[in-house]
Structure formats: C-alpha cells, structure tokens
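In: structure for the following, please:
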Amino acid sequence: MQIIRADLHIHTVLSPCADLEMTPKNIVSEARDAGLRLIGITDHNSTKNAALVKTVAEKAGIYVLLGAEITTKEEVHCLAFFEHQSELNHFQEYLDEHMLKIPNPDGHFGYQPVVDANENIVEMIPHFLSAAVKKSIAEIQQKVFSLNGIFIPAHVSRPANGLFAQLGFIPPGLRFHALGISSKSTTQAIRKDFGLPETITLVYNSDAHFPGEIGQNFSVFHLEELSFYEVKMALNQQNNRFVEER
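Out: Numbers count the residues shown, from 1 in each chain. You can find the predicted model right below:
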C-alpha cells in the first residue's frame, strides 16, 4: 500500500480570485516541493486549465484529478472530478449552459485567463466565474454521478459557502464521496461539531489561491496505486483504501 500526500483543492490563474502566479508550471513546482503526489485542480465553475496542469504534472510524477469548484444556486461550493477528458468536456458544457453570466469587463472581478503550455493566454473568460450555477446542490451531484465523477462538498466547516453555513444540514438523499475541510480543526472536532459519523470521509485541502498555500493543508491517502479508481475507493473506505484521520 502506498502512502500518498494529497491536496485536492487548488485554483489556477483561471480563477478570478487566484494569484496570477498560479500557472500550471508553478503549481506543479510548488506541489512537488510540498511532497504532494496527488492534487485536484478546481477553478471556479471552469475546467479549462485542468488538462494542461495534468500534462505538466505527469512529468513530475504527480497525479492530477481533473475538475472544478462549483457554486450551486444555494451558494454552496462543491468539488467535482472526472477521470476522462470526455467526461470533463461534457461537464464543462453543462456549466456553460447553466452559469449565471455576469459580465467581467476588463477583469473587474479579477482576470480569468486560459493558458497554454508556454503560459501564453489563449482565452479570457468574459463572465464572472465565481457566480452561481442555476442548479441546486442535488442537481449538480446527480450530474457528477451520471458522469462517474467524484463529488465533494468543499470546506464544509467554513462560515462562507460551506454546506453547513449555507444549508445548516446535509440534505436528505445527497450523495457524496467525502466532505472537504480547509480549516486547521481536527477531524474529531469537526465530527463532533456537525454530528458526522466515521463512515463519512473527511479530506483536508488547502483551497490554494497563491503558490505558497499549496500543500499547507493536505490529506494522506492509502492506495495501491495512483489512479482515479483507487482515489474513489479510498474516499469510499473500500478494500483497505482510506484517508487518514487526524
């Protein structure tokens, strides 16, 4: 069994709130220095820089989960990841169709560049990416599951945009693979505060918007190998794969 340090919540330069130094090359460099072997790329409501980070990271021996951080219509932030580019593309089309299109003239809310391997800007997203999608958390979850993805409500203990801050409870019937944590609280404290059983996996992530934040908060996965299937098994606590409690 391999012991893998992971940070599944990292923004690139594409997110309007992220530093312009969050380029694919810089992200991979910082991740390598932080001892990470598994990272998740989670720009706000967009997947368009994820594949490039994966290409760069593969050369450094780092596995990348391709995804996004979605803002639901309840203003809950959730992470979604997909194994294949075709699923990622399908989900991007879904986001484009249901995004609330608030203009972002001249980067008023922050610049949102899609970049190439040489860090040249190939596209500037014209609408504010952090705006809500016109779909509920349940509808987003169902879409992610229909594409065989991983669904993780993000930073659930945070006072803004977390599941409990926005809704106060886990909606009945909501399915997810884990709950994300970005605070320094222990898993034991968070379980006690929100009444969460040990059958729910909790994952620590940095929610990095600046290079130096990458890996500051991380989880430790126990996997046989680095693959999407193995990560999903660990989140589901299956076949002796798991995420360490701390």
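In: looking at it, residue 152 is touching residue 178, isn't it?
Out: Yes. Counting by C-beta atoms under 8 Å, residue 178 is a contact partner of residue 152 at 4.9 Å. No exception for glycine: its C-beta is placed from N, CA and C like everyone else's.
In: quick one: which of the two has more around it?
Out: Neighbour comparison, residue 152 and residue 178: the larger count goes to residue 152, with 29 against 23 (by other C-beta atoms under 10 Å).
In: beta partners for the more buried one?
Out: In this structure, residue 152 has beta-bridge partners residue 79, where bridges are defined by DSSP bridges.
In: OK, contacts around it?
Out: If you count contacts by C-beta atoms under 8 Å, 6 or more residues apart in numbering, residue 152 has them with 8, 78, 79, 80, 81, 176, 177, 178, 179, 180, 203, 235.
In: okay, now residue 65: neighbour count?
Out: A total of 25 residues lie near residue 65 under the criterion other C-beta under 10 Å.
In: give the other helices and strands that the one helix or strand it maps to contacts.
Out: Taking DSSP states H and E as the criterion, the element that holds residue 65 is strand 63-71. Applying 3 or more C-beta pairs under 8 Å, 6 or more residues apart in numbering; DSSP states H and E, we find strand 63-71 packed against strand 38-44, helix 50-58, strand 77-82, helix 85-98.
In: how far does the shortest one sit from its chain's centre?
Out: Offset of strand 77-82 from its chain centre (C-alpha atoms, centre = their mean, to the nearest Å): 5 Å.
In: residues in contact with the closest residue to residue 149 other than its chain neighbours?
Out: Counting by C-beta to C-beta, 6 or more residues apart in numbering, residue 82 is the residue found nearest to residue 149 once chain neighbours are left out, at 4.7 Å. By C-beta under 8 Å, 6+ apart, the contact set of residue 82 is 66, 67, 88, 91, 144, 147, 148, 149, 150.
In: return the set of buried residues in stretch 27-37.
Out: Taking 16 or more other C-beta atoms under 10 Å as the neighbour-count basis, stretch 27-37 is seen to contain the buried residues 27, 28, 30, 31, 32, 34, 36, 37.
In: phi, psi of the fourth one?
Out: Recorded main-chain torsions at residue 31 are phi -60, psi -40, according to degrees, to the nearest 10.
In: can you show me the strands along this structure?
Out: When secondary structure is read from DSSP state E, the chain shows strands at 2-10, 38-44, 63-71, 77-82, 113-115, 121-124, 150-153, 179-181, 202-204, 219-223, 242-243.
In: now the ones you listed in TSV, with mean pLDDT?
Out: Below are those laid out as TSV (pLDDT from 0 to 100):
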stretch	mean pLDDT
strand 2-10	97
strand 38-44	98
strand 63-71	98
strand 77-82	98
strand 113-115	94
strand 121-124	92
strand 150-153	98
strand 179-181	95
strand 202-204	97
strand 219-223	97
strand 242-243	97
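In: among those strands, which is nearest residue 132?
Out: Proximity to residue 132, assessed across these by C-beta to C-beta, is greatest for strand 63-71 (4.6 Å).
In: within the sheet, what are the partner strands of the closest one, with directions?
Out: Using DSSP bridges, the strands paired with strand 63-71 in its sheet are strand 38-44 (parallel), strand 77-82 (antiparallel).
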